[in-house]
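Colleague: The sequence and its predicted three-dimensional model are supplied below.
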Amino acid sequence: MSEYLLYGGLGSPYSMKMRAVLRYRRLPHRWIQVGRPEQMAELFARVKAPVIPVLVFPDGGVMNDSTPLIRELERRHADDRGVVPADEAQAFLAFLLEDMADEWGTKAMFHYRWFRERDQAQMSRWLAFDRLKGQGRGAIQAAADAFRERQVGRMALVGCTPENAPVIEATTERIFAIFDDLAADEAFLFGTRPSLADFGWYGQLSQLATDPTPHDLMRERAPLLMRWLLNIDDASGVDGEWQEPGAAARRLLGLAGEVYLPFLRANAEAVAAGRDVFEVELLGRPYSQGVFRYQAKCLAELRAAYAALSPEGRGIVDPEFDLAGLDRSLLS
């Protein structure tokens, strides 16, 4: 088998997620840090959305979007280093937790990166450097200023407003605590080997461990989580077994029931009603943002996966929901 080519960026949570998956799976690959956008024009023309990471397969095929990429790797490499649990119930729960990382965890990443001046200043320069290294400080700073203005201007679009900040920061602190305990008392969310859920959260948390404000918070409150992230970044030497969900997975399921699934349902209902904005109460606080059709699709896919479980699978998943206090009607 010849190598894969992974085009991505150090500041992209989904790129880091896919690089860690390829490393864990021991799939020969080359990591290519993307530069100027025009350098990606040819590859972007071959995918639906011009976003990283982009994976070029050994046969020349091209894909992006991390979750479909993971599933395609599972199809192509049906070996003992897959990241989707073999048990259908565990596979569904891992899918749910990965989806929460991708769609809610990214709010934490975006909020902390662009909400405060210190984070805006450092991360805009770092991200510009990643693309323009060697082109001079002037070019790097000019690109940083333009990118910073663009990203700060998009904050309301993705729900990262001052009004929503208390909800986003409260959930982030809970996630830090959950994963710090995971690092101390467990190996991974579904046993002693990492799942797609572990890699999904790794992607988002890898950014929070780098950006100034969440970095300081993580070092203070979740120092073992910071080290866990460095370990899962290259887990090619890890061998383990699937096990039933541990305490950390159940706590994340509880958070999904409190925050993520109510958020998805409110968004989907607004999309169906033709509204542009939705409001929902999360953690006893108001939360509002513009609708996202993609996240309505996420809820539909989660509901379809839940409905497709066998009676035996439901017999495992539903008690896990009950233990976590997750209202299963959110997926009906």
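Modeller: Nice, I can see it.
Colleague: Can you tell me the element the residue nearest to R36 when sequence neighbours are not counted falls in?
Modeller: Among residues not flanking R36 along the chain, R131 sits closest, at 6.2 Å (C-beta to C-beta, 6 or more residues apart in numbering). Using the backbone N, CA and C atoms, a C-beta is placed for each residue, glycine as well. R131 belongs to helix 117-132 when assigned by DSSP states H and E.
Colleague: Quick one: name whatever helix or strand follows that helix.
Modeller: Assigned by DSSP H and E, the successor of helix 117-132 is helix 137-153.
Colleague: Map the structural domains onto the sequence of the protein.
Modeller: The chain resolves into domains spanning 4-76, 88-110+162-331, 116-154 when parsed by automatic domain parsing.
Colleague: May I have the secondary structure class of W31?
Modeller: When classified by DSSP: H, G, I helix; E, B strand; the rest coil, W31 comes out as strand.
Colleague: tell me what the helix holding R131 is packed against?
Modeller: On a contact count with 3 or more C-beta pairs under 8 Å, 6 or more residues apart in numbering; DSSP states H and E, helix 117-132 meets helix 106-114, helix 137-153, helix 212-221.
Colleague: Show me how far the second one is from its chain's centre.
Modeller: It refers to helix 137-153. 25 Å (C-alpha atoms, centre = their mean, to the nearest Å).
Colleague: Extract the C-alpha set from that helix and format it as CSV.
Modeller: Below are the C-alpha coordinates for helix 137-153, written out as CSV (Å, rounded to 0.1, in the frame of the first residue of the first chain):
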residue,chain,number,x,y,z
ARG,A,137,6.9,39.7,9.4
GLY,A,138,5.1,42.3,7.4
ALA,A,139,3.3,39.8,5.2
ILE,A,140,2.5,37.6,8.2
GLN,A,141,1.1,40.5,10.2
ALA,A,142,-1.0,41.8,7.3
ALA,A,143,-2.5,38.3,6.8
ALA,A,144,-3.1,38.0,10.6
ASP,A,145,-4.9,41.3,10.7
ALA,A,146,-7.2,40.4,7.8
PHE,A,147,-7.9,36.9,9.1
ARG,A,148,-8.6,38.2,12.6
GLU,A,149,-11.1,40.7,11.3
ARG,A,150,-12.8,38.0,9.3
GLN,A,151,-13.1,35.5,12.1
VAL,A,152,-14.2,38.0,14.8
GLY,A,153,-16.9,39.1,12.3
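Colleague: Run the angle between that helix and helix 106-114 for me.
Modeller: With axes from the mean of the first three to the mean of the last three C-alpha atoms, to 10 degrees applied, the angle from helix 137-153 to helix 106-114 works out at 130 degrees.
Colleague: Give me the contact list for helix 137-153.
Modeller: Residues from elsewhere that reach helix 137-153, judged by C-beta atoms under 8 Å, 6 or more residues apart in numbering: 110, 113-114, 120-121, 124-125, 127-129, 131-133.
Colleague: After that helix, which helix or strand is next? Please name it.
Modeller: Beyond helix 137-153 toward the C-terminal end (DSSP H and E), the next one is helix 165-185.
Colleague: Quick check: which helices or strands does whatever helix or strand L6 lives in pack against?
Modeller: Using DSSP H and E, L6 sits in strand 4-8. If contacts are counted by 3+ C-beta pairs under 8 Å, 6+ apart, strand 4-8 sits against helix 13-24, strand 29-33, strand 54-56.
Colleague: what's the closest of the ones you listed to A184?
Modeller: helix 13-24 (20.7 Å; C-beta to C-beta).
Colleague: Could you check the angle the closest one makes with strand 4-8?
Modeller: Going by the same axes, to 10 degrees, helix 13-24 makes 150 degrees with strand 4-8.
Colleague: 117 is where my numbering starts, stick with that
Modeller: Okay, using 117 as the starting number, the last item reads as helix 129-140.
Colleague: so helix 129-140 versus strand 145-149, what angle?
Modeller: 160 degrees.
Colleague: Using PDB, list the CA coordinates for helix 129-140.
Modeller: Written as PDB, here are the backbone C-alpha positions of helix 129-140 (Å, rounded to 0.1, in the frame of the first residue of the first chain):
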ATOM      1  CA  PRO A 129      -9.100  20.700  15.000                       C
ATOM      2  CA  TYR A 130     -10.400  18.400  12.300                       C
ATOM      3  CA  SER A 131      -6.900  18.200  10.700                       C
ATOM      4  CA  MET A 132      -5.400  17.200  14.000                       C
ATOM      5  CA  LYS A 133      -8.200  14.700  14.500                       C
ATOM      6  CA  MET A 134      -7.400  13.000  11.200                       C
ATOM      7  CA  ARG A 135      -3.700  13.100  11.600                       C
ATOM      8  CA  ALA A 136      -4.100  11.300  15.000                       C
ATOM      9  CA  VAL A 137      -6.400   8.700  13.500                       C
ATOM     10  CA  LEU A 138      -3.900   7.900  10.700                       C
ATOM     11  CA  ARG A 139      -1.100   7.700  13.200                       C
ATOM     12  CA  TYR A 140      -3.000   5.400  15.500                       C
END
